[in-house]
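**Q** Please find the sequence and the predicted model below.
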Amino acid sequence: MVPVTKLNGVLYYVNPHQIEYIESNPDTTLVMLSGKRLIVKESYEDIFQRIVDYRRLIGAFKNEE
């Protein structure tokens, strides 16, 4: 799970495998596979790095080599 902060300061953990895409205009919006949209404080770059770190932690990259 990847931690993200909603605009009201509440910390959430999202499953990065459920993120369909990320918009950055100017707020960062996670669009989930379910269609739900989550606007967060973090930048796209920060979220991207958190996803990479999470996938390394669970060993996901071993299956992609």
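**A** Received, thanks. Residues are numbered from 1 along each chain as shown.

**Q** So what pairs up with Ile19 in the strands?
**A** With DSSP bridges as the criterion, Ile19 is bridged to Met32.

**Q** shouldn't it be in contact with Thr28?
**A** No - using CB atoms under 8 Å, Ile19 is not in contact with Thr28; the gap is 11.3 Å. C-beta here means a position set from N, CA and C on the backbone, and glycine is covered the same way.

**Q** Shouldn't Glu45 be within a helix?
**A** Yes - the assignment for Glu45, made by DSSP: H, G, I helix; E, B strand; the rest coil, places it in a helix.

**Q** For it, the count of nearby residues, please.
**A** By the other CB atoms under 10 Å criterion, the neighbourhood of Glu45 contains 10 residues.

**Q** Kindly report the same for the one 5 residues further on.
**A** Arg50 sits with 17 neighbouring residues when counted by other CB under 10 Å.

**Q** Model confidence score at it, please.
**A** Predicted confidence (pLDDT) for Arg50: 97.

**Q** Residue numbering should commence at 52 henceforth.
**A** Taking 52 as the first residue, the last one we looked at is Arg101.

**Q** element containing Ser64, please.
**A** Careful, residue 64 is Tyr and not Ser. Assigned by DSSP states H and E, Tyr64 belongs to strand 62-65.

**Q** From the contact counts, what lies against that strand?
**A** Applying 3 or more CB pairs under 8 Å, 6 or more residues apart in numbering; DSSP states H and E, one finds that strand 62-65 contacts strand 53-56, strand 88-91.

**Q** Please work out how many residues are found near the residue lying closest to Tyr63 once chain neighbours are set aside.
**A** Closest residue to Tyr63 apart from its sequence neighbours, by CB to CB, 6 or more residues apart in numbering: Val55 at 5.4 Å. Counted with other CB under 10 Å, the neighbours of Val55 add up to 22.

**Q** What of the one 3 residues further on?
**A** Residue neighbour count, defined by other CB under 10 Å, stands at 11 for Leu58.

**Q** The residue nearest to Tyr63 is in contact with Ser94, isn't it?
**A** No - using CB under 8 Å, Val55 makes no contact with Ser94, being 11.0 Å away.

**Q** Touching the lowest-mean-pLDDT helix or strand in the chain from outside, list them.
**A** Counting by mean pLDDT, DSSP states H and E, the chain has its least confident helix or strand at helix 95-109, which shows a mean of 94. The set of residues external to helix 95-109 that reach it, using CB atoms under 8 Å, 6 or more residues apart in numbering, is 52-55, 67, 70, 73, 75, 79, 81, 91, 93, 112.
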